[in-house]
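*Asks:* Okay, here's the prediction I keep looking at, along with the sequence it came from:
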Amino acid sequence: MHPLRSKPLGDNSKPRLSRRFLTVLALLFTTGCLSGPPPESSPSPLLDLNYMELSRFTPTGAGGPRDSENRHRSMVRVLSKEKFAKEKERFGDRDRLYSVLPLECSGVLIAPRLILTAGHCVCIARAPDTQPGRLRQRKREPGLLYKDELLQDRVIEAVMSHSECASKAQVETLIYQAGAEGSFSGSTYSGSVVPHPGFELYFATAKDTAAAAWIDNDLAVIFLDKPVENLPIYELQWSYPAKGHEVVMVGYGPGDTHPLYGQRHTVENKITGFTRSESDDVRLVIDAQPTQEGGLTAHATPGDSGGGCVSKASPTKLLGISSITMRTNKGRMASVFTSVNAHRVWLQRQLDAQKSP
């Protein structure tokens, strides 16, 4: 994968580029434990917005150990055959866009018949109708992410949105067997997809591949045809964690010792900041931190999209859903999770709806 770069600009465009970066790189705000919306952000050039990917990285140190003790057995695998087939038909096996789309994802059991995952795991990429126009003249709040700013000077390859998603998705639970390396049991379920009504994703060119240039409200739920039995339910935490809060990230991407899709792995880290978009989509940023051994903590990898970020102190409380991976201004990778608290109203509606017969 390559960093996403803007098209070359002439000398007369440099002042505009400088103002743009001062605005859109002012992303992160620090806060204590919150029950309401985050406060206004203060400028901080932590994240490089020219580098956004869909949790698809496998450099040295990525991933984490397998969840052999089944502490997070209610994190599930998610696959949509319908999405896979349509995107393969549209973009082909070797297309630069198709190569960055996740083939498998993760999800979280938040009710007996309800799986929470990422919107880009179940919605379908298509060709764009138009290319971005000029920046609109409007009042802008410092620190917020604005769609027109991030898409400016980009060539859009494809888009996803809530308007076209798979109708069905498949879900697989997985329980590892004690003392039997690689042995597991599980069940397969099917369900109907309901995306977040504000979900959208824009892919833009970056050298010979495509990468995410804008992503917002990256959530979807799967209403299962039958309830999952004998597995615990994750509780959605209706408050924002503090910066520095210790978390556990869980997903089905490749880990250090099991570099294959479909292995549930975990890794511990700390929240390093937050981002907020113009639609009030709040994301938790988890930077790959230096370890005492001189390495870096792990970050999200292929297949982790849709997986959960839970509190280490309260491991049944879900804080966010894995969305994208970004690069910091220090060159490290950062995993970015969509905050469940930011979407409390929509999520509560889905929880209420799954109770209906």
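*Replies:* Received, thanks.
*Asks:* which residues touch residue 237?
*Replies:* Residue 237 is in contact with 311, 314, 317, 318, 319, 340, 341, counting by C-beta atoms under 8 Å, 6 or more residues apart in numbering. In this view, the C-beta of every residue, glycine as well, is placed from N, C-alpha and C.
*Asks:* any idea how far residue 86 is from the fourth one?
*Replies:* Right, the one you point to is residue 318. 30 Å (C-beta to C-beta, to the nearest Å).
*Asks:* what about these two, which has more around it?
*Replies:* Neighbour tally, residue 318 and residue 86, criterion other C-beta atoms under 10 Å: the higher count belongs to residue 318, 27 against 16.
*Asks:* Just grab the bridge partners of the more buried one for me.
*Replies:* Residue 318 has these beta-bridge partners by DSSP bridges: residue 236, residue 310.
*Asks:* didn't it look like it was pressed against residue 110?
*Replies:* Yes - Residue 318 sits in contact with residue 110 when judged by C-beta atoms under 8 Å, with a separation of 6.9 Å.
*Asks:* Mutual contacts of the two, please.
*Replies:* Taking C-beta under 8 Å, 6+ apart as the contact rule, residue 318 and residue 110 both touch 116, 234, 236.
*Asks:* can you count the residues close to the last one?
*Replies:* Right, the one you point to is residue 236. There are 19 residues near residue 236, going by other C-beta under 10 Å.
*Asks:* Also residue 214?
*Replies:* Residue 214, neighbours per other C-beta under 10 Å, totals 23.
*Asks:* and it, bridged to which residues?
*Replies:* Assigned bridge partners for residue 214, using DSSP bridges, are residue 202.
*Asks:* Verify the stated contact: it with residue 149.
*Replies:* No - with contact defined as C-beta under 8 Å, residue 214 does not reach residue 149; the gap is 9.3 Å.
*Asks:* per-residue confidence for residue 202?
*Replies:* Residue 202 carries a pLDDT value of 90.
*Asks:* Residue 323 now?
*Replies:* We have a pLDDT of 90 for residue 323.
*Asks:* Looks to me like it is in a strand.
*Replies:* Yes - judged by DSSP: H, G, I helix; E, B strand; the rest coil, residue 323 forms part of a strand.
*Asks:* residues near it, how many?
*Replies:* Applying other C-beta under 10 Å, we find 31 residues neighbouring residue 323.
*Asks:* Tell me who's in contact with it.
*Replies:* Residue 323 sits next to 54, 55, 118, 120, 215, 218, 283, 305, 336, 337, 338 when contact means C-beta under 8 Å, 6+ apart.
*Asks:* now the residues you listed in CSV, with neighbour count and pLDDT?
*Replies:* Formatted as CSV, those follow (neighbours: other C-beta atoms under 10 Å; pLDDT from 0 to 100):
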residue, neighbour count, pLDDT
54, 27, 49
55, 28, 45
118, 32, 95
120, 29, 93
215, 27, 91
218, 31, 96
283, 26, 91
305, 31, 88
336, 26, 89
337, 27, 93
338, 28, 95
